[in-house]
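> The following block contains a protein sequence and its predicted model.
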Amino acid sequence: MKIIFAGTPDFAVPSLECLLKSDHEIIAVYTQPDRPAGRGRKLTASAVKQLALQHDIPVYQPATLRNEDAQAELRALAPEVMAVVAYGLLLPQAVLDIPKLGCVNVHPSLLPRWRGAAPIQRTILAGDKKTAVATMQLDIGMDTGPILLLEEVDVLPLETSSALHDRAAKIGGTLLVKTFDLMAQSAITPTPQSTEGIAHAAKVTKAEAKIDWTKAAIQLQHDVCGYNSWPVAHSTYNEATLRIWEAQQIDMQTSETPGTVIAATKDGIDVATGDGVLRVLRLQLPGGKPLTAAEFMNREQGVLQTLIFGL
């Protein structure tokens, strides 16, 4: 089939790679305009654009698809179907109607749970043990279209959002090719999403990643995993921001004030919470690199025994 691929960040790259290896034809790639990035704020092409240029695929970067000129340009390409993977622009109905077989999206959640901007992080933050990667027919709603294919995925113990992101991206690429293979044979039937179990995955903010030590240790474990690798769970230490990259709940109870370090060994830094104890395993101070708990303790020379994080 003749496909337009619309995507922008790293998550979309495996999908484009899989399609390039398939029997389908990528006639054009749509991606967001180049953005300033890095310390020098140099204009940088998206990950998808970089891959497309390596394969000499025409690249289009409209700031919006809501105006008639952009829609006419897309219509002239005459795609049979449009693949949409983390594109980042809303598609109006006029665009959804252009491809003969519509627009197909890759969404990393067990729909209808976690519709929206941050499904992977919300999955981890909620402590869900199962998620999914789905292909779905796009409609005008927010991830409300009928499901084409869905593959359930177990969330691994202590899996971070970053790790699940990479796994889901690879699964999504394989699933997208399978979806288009079946569509080409008219051998796939869209299934409406359930009206039960709907949850919305709001965009994650830096502010919500600040650790509240009065929460239960298990929830803080989910928070640390969910905010890795952005925006990273953080507390304070000697009036500096302390980023916590890795931590886990341990089987221990304490009556100490939440945030109090109750033990510090080479195995980790044990911190009292509102319910239970969180063992901090990897952490980072401003200007430094992430350190194991043992490395951090060596640097701080054992002062942790009387410390209260977050104050």
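That came through, no problem.
> Tell me if Val104 really is in a helix.
No: applying DSSP: H, G, I helix; E, B strand; the rest coil, one finds Val104 to be strand, outside a helix.
> In contact with it, which residues?
81-84, 135-138, 148, 176, 179-180, 183 (C-beta atoms under 8 Å, 6 or more residues apart in numbering). No exception for glycine: its C-beta is placed from N, CA and C like everyone else's.
> With Leu53 instead?
Applying C-beta under 8 Å, 6+ apart, the residues near Leu53 are 45, 59.
> From Leu74, how far out is it?
19 Å (C-beta to C-beta, to the nearest Å).
> cool, and Pro36?
For Pro36 relative to Leu74 (C-beta to C-beta), the value is 26 Å.
> neighbour-wise, which of the two wins?
Between Pro36 and Leu74, counting by other C-beta atoms under 10 Å, Leu74 is the more crowded of the two (23 against 9).
> so the more buried one sits right up against Ile4, yeah?
Yes: contact status for Leu74 versus Ile4: in contact at 7.1 Å, counting by C-beta atoms under 8 Å.
> what sits in contact with each of the two?
Tyr30.
> ok, now which ones touch the nearest residue to Asp128 once chain neighbours are set aside?
Leaving aside its sequence neighbours, Asp128 sits nearest to Val155 (C-beta to C-beta, 6 or more residues apart in numbering; 5.9 Å). Under the criterion of C-beta under 8 Å, 6+ apart, the neighbours of Val155 are 123-124, 128-131, 164.
> For Val277, grab the count of nearby residues.
For Val277, the count of nearby residues is 21 (other C-beta under 10 Å).
> Got phi/psi on the nearest residue to it once chain neighbours are set aside?
Distances taken as C-beta to C-beta, 6+ apart place Met252 nearest to Val277, at 4.3 Å, with adjacent residues excluded. Phi and psi for Met252, reported as degrees, to the nearest 10, are phi -160, psi 150.
> For Met252, give me its contacts.
270, 276-277.
> wait, isn't Pro231 in contact with Ile211?
No: counting by C-beta under 8 Å, Pro231 sits too far from Ile211 to count as a contact (11.9 Å).
> out of the two, which sits in the more crowded spot?
The residue with more neighbours, out of Pro231 and Ile211, is Ile211; 25 against 16, by other C-beta under 10 Å.
> ok, that one touching Val232?
No: Ile211 is beyond contact range of Val232, at 10.5 Å (criterion: C-beta under 8 Å).
> so what sits against both of those two?
Ile244.
> Export the longest helix along the chain to CSV, keeping only CA atoms.
Secondary structure assigned by DSSP state H gives helix 161-184 as the longest helix of the chain. Output of helix 161-184 as CSV, limited to C-alpha atoms (Å, rounded to 0.1, in the frame of the first residue of the first chain):
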residue,chain,number,x,y,z
SER,A,161,8.8,4.5,31.8
SER,A,162,11.9,4.7,29.7
ALA,A,163,12.3,1.0,29.4
LEU,A,164,8.6,0.4,28.7
HIS,A,165,8.7,3.2,26.1
ASP,A,166,11.5,1.4,24.2
ARG,A,167,9.7,-2.0,24.4
ALA,A,168,6.4,-0.6,23.3
ALA,A,169,8.0,1.3,20.4
LYS,A,170,9.4,-2.0,19.0
ILE,A,171,6.1,-3.9,19.5
GLY,A,172,4.3,-1.0,17.8
GLY,A,173,6.4,-1.2,14.7
THR,A,174,5.7,-4.9,14.3
LEU,A,175,2.0,-4.5,15.0
LEU,A,176,1.7,-1.6,12.5
VAL,A,177,3.1,-3.7,9.6
LYS,A,178,0.8,-6.6,10.5
THR,A,179,-2.1,-4.2,10.6
PHE,A,180,-1.3,-2.9,7.1
ASP,A,181,-0.7,-6.4,5.7
LEU,A,182,-4.2,-7.3,6.9
MET,A,183,-5.8,-4.1,5.6
ALA,A,184,-4.3,-4.7,2.2
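> Outside of the one helix or strand Leu19 maps to itself, list whatever touches it.
Leu19 belongs to helix 13-20 when assigned by DSSP states H and E. With contacts defined as C-beta under 8 Å, 6+ apart, helix 13-20 is touched by 3, 5, 7, 26, 29, 47-48, 51-52, 55, 83, 85, 106, 169-170, 172-174, 176-177, 180.
> Many thanks, have a good one.
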